[in-house]
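Engineer: pasting the sequence and the predicted coordinates here, then a few questions.
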Amino acid sequence: MFRGGDMLNTFAQDYQSVYLNVLGQNYYGASAASQSQSITVLLFKTKTRSIGLRFLIKYLNQFPSNFQDKANVWLTVLIRTCNSKEISLYGELIFEALELLVIQIQVAPEISKWFGSTCIGKIYESLWLLEKHTTTCCKISALKAVKQCLKYYPGPSKSGKLLVLRYLQTLVDCCNPEVVHESGNCWLLLQQIRGNFNNVGCNTDKCQWEDLQIGLLGSINDLLNEVFPNNKDDKVATKDRLECFTLVLDEDPIKRSTQVCRRFCNLIDFLKIALSQPYSSTKLIYPKKIINLIQHGLGSSYANCVNYENMDGMCFGNLIPQMHTKLFELLEVLINICHTHLRMHFRLISSILLDSLKKTKWSTPEGFPIQLINLRIQIYKVTTSWLSTFAEGSGCDLIAEYFVNDLLEDIIIRRTDIYLLKM
């Protein structure tokens, strides 16, 4: 029997010899073919598979064109590794290798066709394994792989749409920014697959994009109506929201407030991605509806919505600056996308910017300065984007005096020995 230390040393030596053999081949100028053969041998053995995956990823990045003779074999092995045991051990490596292979086989029509008809469904079926006991890195790698599958295989992905949808729903309230970003990309690409979320109405890419846009706007407005009834927007129809984004509120006020804030911020990020990322058909954007949402969200504040005597009010009040910051990020994206098409709304946008600067002054009771500093920085970023995009058509001449006064209040003179000299 091995003692603990002897067994670990033997194990380390075995792995070290494998690394040295492959690295030695690479060092002495081994051909791409011999390297690919060595990687295949590593992948076939369970004991060395994780090492083989690392070398495969390195190989695919280094030799993106020398893969066709082994692509079928590698994909077969990768699909076979999509089981609970191996995903829990090195799932991020499995999905990263899948992502690279899916991208690269697009230059090989026969392999690509075989993958779409044989493998893609099995990848979607393995997503339920990621709902438990997986690392954040594994989730990110899986989402990137799914993104490429949805992008290149919208037709074959139809049978797995519900599986992808179910997995994405488990990540709606995730706190990791990269997971949220990759989820947003997948939500958008999911619209290219025929059949919308409710399986009714028009099934073209254009219609499904509109369903996503209107659904996200409706879901965010509905969330604001539920949480801030004193600032309710009665024009929002319940039918416009997406059922997959329905939120069941927690009974605890602290958990409920953080739950709502997280869902709100993530849905805003999904909408930003949907507006800014490429899509398979022309996207019809509704700027007035988006501006109305921004106004609706900015109407929630200590002054007119929050009751300090209520625990809910205290909890939500502290999170409102973060929610408002997300709304201004959305406005910035809208300005950068629509450009001069927003000229007809210049008065409305100018008033939003000016009112927000007034409400976030250091002297107002909206909250402690540290809570508002990120919000105020974002307001200045949006204002800069608005003024640089529209120049004289931005309406800045109507608010110039107030705007300059607000700017001066934020300028802190750090030296006290500055004085004027007579010329």
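Structural biologist: Arrived safely. Numbers count the residues shown, from 1 in each chain.

Engineer: for Thr134, which three-state class applies?
Structural biologist: Put simply, Thr134 is coil when judged by DSSP: H, G, I helix; E, B strand; the rest coil.

Engineer: can you give me the pLDDT of it?
Structural biologist: Looking at Thr134, its pLDDT reads 81.

Engineer: and what of Thr384?
Structural biologist: With respect to pLDDT, Thr384 scores 85.

Engineer: again with Met344
Structural biologist: Value listed for Met344 in the pLDDT field: 86.

Engineer: that one and Leu327, how far apart?
Structural biologist: Using C-beta to C-beta, to the nearest Å, we find Met344 at a distance of 20 Å from Leu327. Backbone N, C-alpha and C define where each C-beta goes, glycine included.

Engineer: one more: Trp187?
Structural biologist: Look at Trp187 and Leu327: by C-beta to C-beta, they are 19 Å apart.

Engineer: likewise for Ile377?
Structural biologist: Separation of Ile377 from Leu327 (C-beta to C-beta) stands at 14 Å.

Engineer: neighbour count: these two, which is higher?
Structural biologist: Leu327 (26 against 13; other C-beta atoms under 10 Å).

Engineer: which helix or strand contains that one?
Structural biologist: helix 311-338 (DSSP states H and E).

Engineer: and the next helix or strand past that helix?
Structural biologist: Sequence-wise, the next helix or strand downstream of helix 311-338 (DSSP H and E) is helix 346-359.

Engineer: now the angle between helix 311-338 and the helix or strand just after that next one, please.
Structural biologist: Counting by DSSP H and E, the next helix or strand C-terminal to helix 346-359 is helix 369-390. Put simply, helix 369-390 runs at 20 degrees to helix 311-338, going by axes from the mean of the first three to the mean of the last three C-alpha atoms, to 10 degrees.

Engineer: CA atoms only for helix 369-390 - export them in PDB, please.
Structural biologist: This file holds the C-alpha atoms of helix 369-390, laid out as PDB (Å, rounded to 0.1, in the frame of the first residue of the first chain):
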ATOM      1  CA  PRO A 369     -22.700  61.000  -1.300                       C
ATOM      2  CA  ILE A 370     -21.000  57.600  -1.600                       C
ATOM      3  CA  GLN A 371     -24.300  56.000  -2.800                       C
ATOM      4  CA  LEU A 372     -24.700  58.600  -5.500                       C
ATOM      5  CA  ILE A 373     -21.200  59.100  -6.900                       C
ATOM      6  CA  ASN A 374     -21.500  56.200  -9.400                       C
ATOM      7  CA  LEU A 375     -24.900  57.500 -10.500                       C
ATOM      8  CA  ARG A 376     -23.600  61.000 -11.000                       C
ATOM      9  CA  ILE A 377     -20.600  59.800 -12.900                       C
ATOM     10  CA  GLN A 378     -22.900  57.900 -15.200                       C
ATOM     11  CA  ILE A 379     -25.200  60.900 -15.700                       C
ATOM     12  CA  TYR A 380     -22.100  62.900 -16.800                       C
ATOM     13  CA  LYS A 381     -21.100  60.100 -19.200                       C
ATOM     14  CA  VAL A 382     -24.600  60.100 -20.800                       C
ATOM     15  CA  THR A 383     -24.600  64.000 -20.900                       C
ATOM     16  CA  THR A 384     -21.300  64.000 -22.700                       C
ATOM     17  CA  SER A 385     -22.500  61.400 -25.200                       C
ATOM     18  CA  TRP A 386     -25.700  63.300 -25.800                       C
ATOM     19  CA  LEU A 387     -23.900  66.700 -26.300                       C
ATOM     20  CA  SER A 388     -21.200  65.200 -28.600                       C
ATOM     21  CA  THR A 389     -23.800  63.400 -30.700                       C
ATOM     22  CA  PHE A 390     -26.200  66.200 -31.300                       C
END
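
Engineer: could you pull out the buried residues of it?
Structural biologist: Within helix 369-390, the residues that count as buried by 16 or more other C-beta atoms under 10 Å are 371-372, 375-376, 378-380, 382-383, 385-387, 389-390.
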